[in-house]
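1. Starting from these lines, generate the structure:
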Amino acid sequence: MSKPADRPDVFQLPAEAPMAAPVIDRRVAARRVREARDRLTSTGATRPAFDRELLRQYAQTRISASYVVMLLVVATGLLFGFWMQPVPAVAWTLGMFCIHAVIMRNCSRFLAEPDSLTATRIWRTRFVLLDLLYGLCWTAILIHPTGPDMTSNTVMMFLMLLVVAVSSMLAASLPIAALVATAPVTTAIAVNFALSHTFDNYVLALLALAAEGYFALLARRLHSTTRDTLEARAEKDALIGELEQAKAISDEARHRAESANVAKSRFLAQMSHELRTPLNAILGFSEVMKSEIFGEHVVPTYKEYSADIHNSGVHLLNLINEILDLSRIEAGRYELNEEAVSLVHVVADCHHLLKLRASNRGITIYEVFERSMPRIWGDERATRQIVLNLLSNSIKFTPRGGEIWLKVGWTASGGQYLSVRDTGSGIPADEIPIVLASFGQGSNSIKSAEQGAGLGLPIAKSLVDMHGGTFTLKSKLRIGTEVIVTFPPERVMSALAPTAEEPSPPLQPEPTDEKRPARNKPIMSAGTGLGT
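-> So this is what the prediction gives:
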């Protein structure tokens, strides 16, 4: 009994990583050039697109908070109407409404205009000047002397903080506008408190300056947060654009590859007919000449030449068949003719076919088969080709006097496996992905006298994948190579249990009355020897 093989690992070809570095370098260089261009064309420390977006947010914030500002102006006008003459308070309120209306008008015009670098600079300057006028107007009412008592100073301090807080929040997207709107108010209040020459007023003046610094820092932090959000969104949009562009390029490359693959398949299909027609004649006539059917050659060397021509023709025919099989597999046109196949019988037949070649090289082949194994559902021709390719490679790269083991048995999951192990020269670990690739050859195969096209293992691996199995190649230098092919449990045809037959119903229903005749008496007594 052979030991069940573990589930093998499929070796994947290494990805082509050398092209990744130039792509990253080009991307970094393009980003640096874009950032340098943005710094030269920007009005601040951000990109021109960010300047426009920040001004847009500033205008939208001022418009959305329009009623809040109007409410603050009305409340302040009413408050100061009780402390001083009502006429100046009403005039100040109307002036603030006019300035506020001008700001709202300009914000609406800015949002309606198209994007432009020159227009962005003009609108930035205009908004700063309007906020400066807005702050000076607030200064005119807050520095009005209301009285020397502590209550008046507290009210003035409260109004100053409220105005500075509202202005800082509204102009957070434009820090310079927030500064010019709040600095005149804070400076005027601090100077007014300092001119009183009292300790309490000095403390209030310092608090006013500290509050101005705090709100200026808060506005700067809000501006930085907004800018970082815009940068992250821009990077995300740029990444999405690059992904869409890469996807478009990939789809185009895939379409070109599919077209090239179809053209290749058509070319190979046409060339196979064109090559096989003269090749059949070469094989037939060279075999006639080699066998000396019409008489012996006058020169014995001609017989050797005929044998060489025939062997070369056979090699070329096998190569054409392998290339056509690989092209059909890669194009997805290789169809499996599935039927019940005995894996043990297929391996034994392949061993019988290649036994003479192995004996000529002095190689001994051992068979280790588990008995009474059920059949598998697969393509017999493909399975036979898998075994022939693996066994031919083992015979080719095993030195004279070597050994080859053929094993067929059960896997741990309930499937069946085939193992071909030899005592050849082995394959280096870094060359295993190469030999599994199409037309790939290792260093040992290049040095070997019997060089091939490098299609045996790739074809076998592709056929195994089409059956849903796994392909494992294990090798060590100067020790040998083992190839394990497994078929999944779904392809093992287990015997089904017989079904229980139910009794057939009676042809006629039995009568239910009490006068029915007895079944144990014959209907006619003639010839039975039974009397009544």
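2. Please count neighbours and contacts with C-alpha atoms only from this point.
-> Will do.
3. Return the set of buried residues in the helix or strand harbouring residue 50.
-> Using DSSP states H and E, residue 50 maps to helix 48-64. Residues of helix 48-64 classed as buried: 48-63 (neighbour count, 16 or more other Cα atoms under 10 Å).
4. Would you tell me what the next helix or strand after that helix is?
-> Downstream of helix 48-64, the next assigned helix or strand under DSSP H and E is helix 66-83.
5. Alpha carbons of that following helix, as CSV, please.
-> Extracted in CSV, the C-alpha atoms of helix 66-83 (Å, rounded to 0.1, in the frame of the first residue of the first chain):
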residue,chain,number,x,y,z
SER,A,66,-26.7,85.4,6.9
TYR,A,67,-29.6,85.4,9.3
VAL,A,68,-27.4,84.7,12.3
VAL,A,69,-25.3,87.8,11.6
MET,A,70,-28.5,89.9,11.0
LEU,A,71,-29.8,88.8,14.4
LEU,A,72,-26.6,89.7,16.1
VAL,A,73,-26.6,93.2,14.5
VAL,A,74,-30.2,93.8,15.5
ALA,A,75,-29.6,92.7,19.1
THR,A,76,-26.5,94.9,19.4
GLY,A,77,-28.4,97.8,17.9
LEU,A,78,-31.2,97.4,20.5
LEU,A,79,-28.8,97.1,23.3
PHE,A,80,-26.9,100.2,22.5
GLY,A,81,-30.1,102.1,21.8
PHE,A,82,-30.8,102.0,25.5
TRP,A,83,-27.3,103.2,26.5
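6. Tell me which residues are up against it.
-> By Cα atoms under 8 Å, 6 or more residues apart in numbering, the residues outside helix 66-83 that reach it are 86, 87, 88, 89, 90, 92, 93, 96, 97, 104, 146.
7. buried ones in that helix?
-> 66, 69, 70, 73, 74, 76, 77, 80.
8. Distance check, the fourth one against residue 59.
-> From residue 73 across to residue 59, the span is 19 Å (Cα to Cα, to the nearest Å).
9. mind listing what the residue nearest to residue 489 when sequence neighbours are not counted touches?
-> Using Cα to Cα, 6 or more residues apart in numbering and skipping the chain neighbours, the partner closest in space to residue 489 is residue 415 (3.9 Å). Residues counted as contacts of residue 415 (Cα under 8 Å, 6+ apart) are 486, 487, 488, 489, 490, 491, 492.
10. Quick check: closest non-adjacent residue to the second one.
-> Distances taken as Cα to Cα, 6+ apart put residue 469 closest to residue 487, at 4.5 Å, once the chain neighbours are dropped.
11. My guess is that neighbour contacts residue 489. True?
-> No: using Cα atoms under 8 Å, residue 469 is not in contact with residue 489, being 9.4 Å away.
12. of the two, who's got more company?
-> Neighbour comparison, residue 469 and residue 489: the larger count goes to residue 469, with 21 against 18 (by other Cα atoms under 10 Å).
13. sec struct for residue 249, please.
-> Reduced to three states with DSSP: H, G, I helix; E, B strand; the rest coil, the structure at residue 249 is helix.
14. Before we move on, what's the pLDDT of it?
-> pLDDT for residue 249: 90.
15. same check, this time on residue 445
-> So residue 445 comes in at 54 (pLDDT).
16. One more: residue 469?
-> You'll see residue 469 listed with a pLDDT of 92.
17. do the same with residue 272
-> pLDDT, read off for residue 272, is 69.
18. Number the chain from 19, please
-> Happy to do that; since the first residue is 19 now, the last one works out to residue 290.
19. Show me what counts as buried in stretch 312-325.
-> Quick answer for stretch 312-325 (16+ other Cα under 10 Å): 321, 324, 325.
20. Quick one, which of those residues has the minimum pLDDT?
-> For those, the weakest pLDDT value sits at residue 321, with 82.
21. Not including adjacent chain positions, what is the nearest residue to that residue?
-> residue 308 (5.3 Å).
22. count of neighbours near that neighbour?
-> Residue 308, neighbours per other Cα under 10 Å, totals 20.
23. From the chain's centre, how far out is the helix or strand where it lies? Work that out for me.
-> Here residue 308, judged by DSSP H and E, is contained in helix 217-309. Distance of helix 217-309 from its chain centroid, counting by Cα atoms, centre = their mean, to the nearest Å, is 10 Å.
24. re earlier: who wins for neighbours among the contacts of residue 433?
-> residue 504 (26 neighbours).
25. I'd assumed residue 487 was in contact with that one.
-> Yes: Residue 504 is within contact range of residue 487, at 5.3 Å (criterion: Cα under 8 Å).
26. can you give me the mean pLDDT across stretch 498-510?
-> Per-residue scores along stretch 498-510 average to 92.
27. What's the separation between residue 187 and residue 278?
-> Distance of residue 187 to residue 278, given as Cα to Cα: 62 Å.
28. Okay, now the unreliable bits of the stretch 319-468 of the chain?
-> Residue ranges of the stretch 319-468 of the chain with pLDDT under 70: 348-349, 351, 456-468.
29. which residue ranges form the helices in it?
-> Here the stretch 319-468 of the chain has its helices, by DSSP state H, counting those that start in this stretch, at 319-348, 361-378, 398-415, 450-453, 461-465.
30. what bits of the stretch 19-168 of the chain have low per-residue confidence?
-> Counting by pLDDT under 70, the ranges of the stretch 19-168 of the chain that qualify are 19-67, 102, 135, 162-168.
31. Just the buried positions in stretch 170-178, please.
-> Judged by neighbour count using 16+ other Cα under 10 Å, the buried positions of stretch 170-178 are 171, 174, 175, 177, 178.
32. average pLDDT across that stretch?
-> 77.
33. quick one: it to chain centroid distance?
-> 62 Å.
34. now could you export just the CA positions of stretch 312-329 as PDB?
-> The C-alpha coordinates for stretch 312-329 follow below in PDB (Å, rounded to 0.1, in the frame of the first residue of the first chain):
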ATOM      1  CA  PHE A 312      12.700  -2.100 -52.300                       C
ATOM      2  CA  GLY A 313      16.200  -3.400 -51.800                       C
ATOM      3  CA  GLU A 314      19.300  -2.700 -49.900                       C
ATOM      4  CA  HIS A 315      21.200   0.600 -50.200                       C
ATOM      5  CA  VAL A 316      24.400   0.500 -52.200                       C
ATOM      6  CA  VAL A 317      26.000   2.800 -49.700                       C
ATOM      7  CA  PRO A 318      25.200   1.800 -46.000                       C
ATOM      8  CA  THR A 319      25.400   5.400 -44.900                       C
ATOM      9  CA  TYR A 320      22.200   6.100 -46.700                       C
ATOM     10  CA  LYS A 321      20.300   3.800 -44.300                       C
ATOM     11  CA  GLU A 322      21.600   5.900 -41.400                       C
ATOM     12  CA  TYR A 323      20.600   9.100 -43.100                       C
ATOM     13  CA  SER A 324      17.100   7.700 -43.700                       C
ATOM     14  CA  ALA A 325      16.800   6.800 -40.000                       C
ATOM     15  CA  ASP A 326      17.900  10.300 -39.000                       C
ATOM     16  CA  ILE A 327      15.400  11.800 -41.400                       C
ATOM     17  CA  HIS A 328      12.600   9.600 -39.900                       C
ATOM     18  CA  ASN A 329      13.500  10.400 -36.300                       C
END
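35. Can you pull out the residues in contact with it?
-> With contacts defined as Cα under 8 Å, 6+ apart, stretch 312-329 is touched by 300, 301, 304, 305, 306, 307, 308, 310.
36. Got a ChimeraX select line for the buried ones in these?
-> In ChimeraX, the members of these classed as buried (16+ other Cα under 10 Å) are selected with the following command:
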select :300,301,304,305,306,307,308
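37. Fine by me, thanks again.
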